[in-house]
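> Pasting the sequence and the predicted coordinates here, then a few questions.
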Amino acid sequence: MPNRHVRPFLSISGSPVSKLSSLELRSALALACVISLRLFGLFLIMPVFSLYAQQMTDATPLLIGLALGVYGLGQVMLQIPLGLLSDRIGRKPAITLGLLVFAAGGLVAALSHTLVGIVVGRALQGMGAVAGAGTALAADLTAEENRGKVMGIIGVSIGIAFLLALILGPPLEALHGLSGLFGATSILALASLALLWLIVPTPARRRAPAAASFGHVLAMLRDGRMLVLNGSVFFLHALLTASFVGLPLLLADKLHLPVNRHWELYLPVMTIAAFVMGACIHRMREVAQSLRIVAICVVAIGVSLLGFAFSGDHLAALGVMAAVFFSAFNLLEAALPSLVSQLAPTSLRGAAMGAYSTSQFLGAFVGGAIGGIALGKLGTGGVFVCAAALTLVWLPLVWAGARRMAAAPAAAGVTA
């Protein structure tokens, strides 16, 4: 039996590798399955939820938005604590705890018959905050110079999970209803748990030193580069969640595309997005250059959101805008966590990825709330206009960060 306790960052000869080793490739593929299975369960809900939630007796636009985004609130509360816990007790035990809580939340939502009950179940799902610890585990098992490739593999797997969920969500909902979809999220979480322990290698145990306190975590997070990266993922997921408050309604109500045919838009769009990510991800290794690409993506996302709002009944125009939106989204989703893992000290990597994931899911919560409020007051088009307005706050953050990188590329706040 091969030794499952491995020393990351070294090849057989003890020197850093520049090409993925068999262990790194195995680790990347296995973790990609673990992460994407769990997210596939979450994504299954997104393309149909706002349509079918309207039929529930206690439905309001705000509750619909909260039900989509409230899982982010639980993530916000527990990502950093679970990240720190994974630095101390090990990545796998911390991830196991989170997956069990996530599965319990899916069961609560599946057994609920009101939108309020679903909100409670989704909040409990959010408390299974394993994203930070999972990404830190990927970083532990990977050489620094290969981390971007591994994050790219995970990012591609998330993109595939997203695509499959958009295609399979509507027919599965038609067969088993929303309760069936929520039950599937619990089953997939347990499948992820089995993969975690049976396939994913266990890295050499690392404990955070006694000095790795919340004070050290805060000092790390005050670094300007971390602020820009965490702020970027906040806005990215706020815009994604807000968009899915309005996008299913736009396709069904204005473009008169039946929900079981929404995949006809999503399939080519996500295929294009995957190719764009593969072509561009290698350009996002150095932080200052990466922030310039992030700025381009922010502009692309803002333009595409306005395109959603004003596409009218032109399906082809909407498809072009969706390809732009998801190309930028997938590229940032793959690149940003790799940059965070490069900047974080090894002993605080779990906490750093936990903080990153906290920002990500806080964005999901805020985006769901904004989307629900805008839907109630401004209609479907107003959801996209409000989301596009957020890019006017995001873009100056990235520009300021890029200028700081150029002036002081070796900021003192984060050391390896």
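Received, thanks. Numbers count the residues shown, from 1 in each chain.
> Show the secondary-structure elements that whichever helix or strand residue 135 is part of is packed against.
Applying DSSP states H and E as the criterion places residue 135 in helix 131-140. Helices and strands touching helix 131-140, by 3 or more Cβ pairs under 8 Å, 6 or more residues apart in numbering; DSSP states H and E, are helix 22-53, helix 71-89, helix 91-110, helix 147-198, helix 315-343, helix 349-407. No exception for glycine: its C-beta is placed from N, CA and C like everyone else's.
> at 10 Å instead, please
Helix 131-140 sits against helix 22-53, helix 71-89, helix 91-110, helix 147-198, strand 202-203, helix 315-343, helix 349-407, with contacts defined as 3 or more Cβ pairs under 10 Å, 6 or more residues apart in numbering; DSSP states H and E.
> I'd like the ones you listed laid out as CSV, including mean pLDDT.
Rendered in CSV, the data for those read as follows (pLDDT from 0 to 100):
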stretch, mean pLDDT
helix 22-53, 82
helix 71-89, 80
helix 91-110, 91
helix 147-198, 81
strand 202-203, 80
helix 315-343, 85
helix 349-407, 85
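> Nearest to residue 273 among those would be which one?
With Cβ to Cβ, the closest approach to residue 273 among the helices and strands packed on helix 131-140 belongs to helix 315-343: 4.0 Å.
> Just the buried positions in that closest one, please.
318-319, 321-343 (16 or more other Cβ atoms under 10 Å).
> about what we covered before: redo the helices and strands packed on helix 131-140 as JSON lines? Include distance to residue 240.
Putting those into JSON lines (distance: least, Cβ to Cβ, whole Å) gives the following:
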{"stretch": "helix 22-53", "distance to residue 240": "9"}
{"stretch": "helix 71-89", "distance to residue 240": "11"}
{"stretch": "helix 91-110", "distance to residue 240": "19"}
{"stretch": "helix 147-198", "distance to residue 240": "10"}
{"stretch": "strand 202-203", "distance to residue 240": "31"}
{"stretch": "helix 315-343", "distance to residue 240": "6"}
{"stretch": "helix 349-407", "distance to residue 240": "7"}
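> For residue 140, which of the ones you listed is the nearest?
Evaluated over the helices and strands packed on helix 131-140, closeness to residue 140 peaks at strand 202-203, with 4.1 Å, by Cβ to Cβ.
> Can you give the strand pairings for that closest one, parallel or anti for each?
strand 5-6 (parallel) (DSSP bridges).
> same question for the partner strand, mean pLDDT?
Average pLDDT, strand 5-6: 40.
> isn't residue 49 right next to residue 165, touching?
No - Residue 49 is not in contact with residue 165 according to Cβ atoms under 10 Å; the separation is 11.5 Å.
> Can you work out which residues contact both of these two?
Shared contacts of residue 49 and residue 165 (Cβ atoms under 10 Å, 6 or more residues apart in numbering): residue 181.
> picking up where we left off before, between the helices and strands packed on helix 131-140, which one is nearest to residue 127?
helix 71-89 (3.7 Å).
> List the buried residues for the closest one?
For helix 71-89, a neighbour-count test (16+ other Cβ under 10 Å) marks 71-80, 82-87 as buried.
> which of those lies closest to residue 172?
residue 71 (19.2 Å).
> Can you tell me how far that closest one is from residue 120?
To residue 120, residue 71 is 11 Å away according to Cβ to Cβ, to the nearest Å.
> go on, residue 247?
Between residue 247 and residue 120 the computed distance is 25 Å (Cβ to Cβ).
> Same drill for those two, tell me which one is more crowded.
The residue with more neighbours, out of residue 247 and residue 120, is residue 247; 26 against 17, by other Cβ atoms under 10 Å.
> so which helix or strand takes in the more buried one?
Taking DSSP H and E as the definition, residue 247 sits inside helix 224-249.
> buried residues in the helix or strand that that helix is followed by?
Sequence order places helix 263-280 as the next helix or strand after helix 224-249, per DSSP H and E. For helix 263-280, burial by neighbour count (16+ other Cβ under 10 Å) applies to 263, 265, 266, 269, 270, 272, 273, 274, 276, 277, 278, 280.
> just checking, the last one touches residue 334?
Yes - proximity of residue 280 to residue 334 meets the contact threshold set by Cβ under 10 Å, at 9.3 Å.
> who touches the nearest residue to residue 80 once chain neighbours are set aside in this structure?
Closest residue to residue 80 apart from its sequence neighbours, by Cβ to Cβ, 6 or more residues apart in numbering: residue 354 at 4.3 Å. Contact analysis of residue 354 by Cβ under 10 Å, 6+ apart lists 75, 78-87, 94, 129-133, 135-136, 217, 348.
> do the same with residue 166
Going by Cβ under 10 Å, 6+ apart, residue 166 touches 43-44, 46-48, 244, 247-248, 262-263, 265-267, 269-270.
> 6 Å instead, please
47, 266 (Cβ atoms under 6 Å, 6 or more residues apart in numbering).
> how far away is it from residue 370?
Using Cβ to Cβ, residue 166 is found at 22 Å from residue 370.
> Next: residue 391.
13 Å.
> and if you look at residue 121?
Distance, residue 121 to residue 370, using Cβ to Cβ: 22 Å.
> Comparing these two, which residue is more hemmed in?
Between residue 121 and residue 370, counting by other Cβ under 10 Å, residue 121 is the more crowded of the two (25 against 22).
> shouldn't that one be in contact with residue 110?
No - counting by Cβ atoms under 6 Å, residue 121 does not reach residue 110; the two are 7.4 Å apart.
> nearest to residue 98, of the buried residues of helix 71-89?
Using Cβ to Cβ, the shortest approach to residue 98 within the buried residues of helix 71-89 belongs to residue 82, at 5.9 Å.
> Dump the buried residues of helix 263-280 into JSON lines; add distance to residue 233 and pLDDT as well.
What follows is these, written out as JSON lines (distance: Cβ to Cβ, whole Å; pLDDT from 0 to 100):
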{"residue": "263", "distance to residue 233": "27", "pLDDT": "77"}
{"residue": "265", "distance to residue 233": "26", "pLDDT": "84"}
{"residue": "266", "distance to residue 233": "23", "pLDDT": "82"}
{"residue": "269", "distance to residue 233": "22", "pLDDT": "87"}
{"residue": "270", "distance to residue 233": "20", "pLDDT": "81"}
{"residue": "272", "distance to residue 233": "22", "pLDDT": "88"}
{"residue": "273", "distance to residue 233": "17", "pLDDT": "84"}
{"residue": "274", "distance to residue 233": "20", "pLDDT": "78"}
{"residue": "276", "distance to residue 233": "19", "pLDDT": "86"}
{"residue": "277", "distance to residue 233": "16", "pLDDT": "79"}
{"residue": "278", "distance to residue 233": "21", "pLDDT": "75"}
{"residue": "280", "distance to residue 233": "17", "pLDDT": "81"}
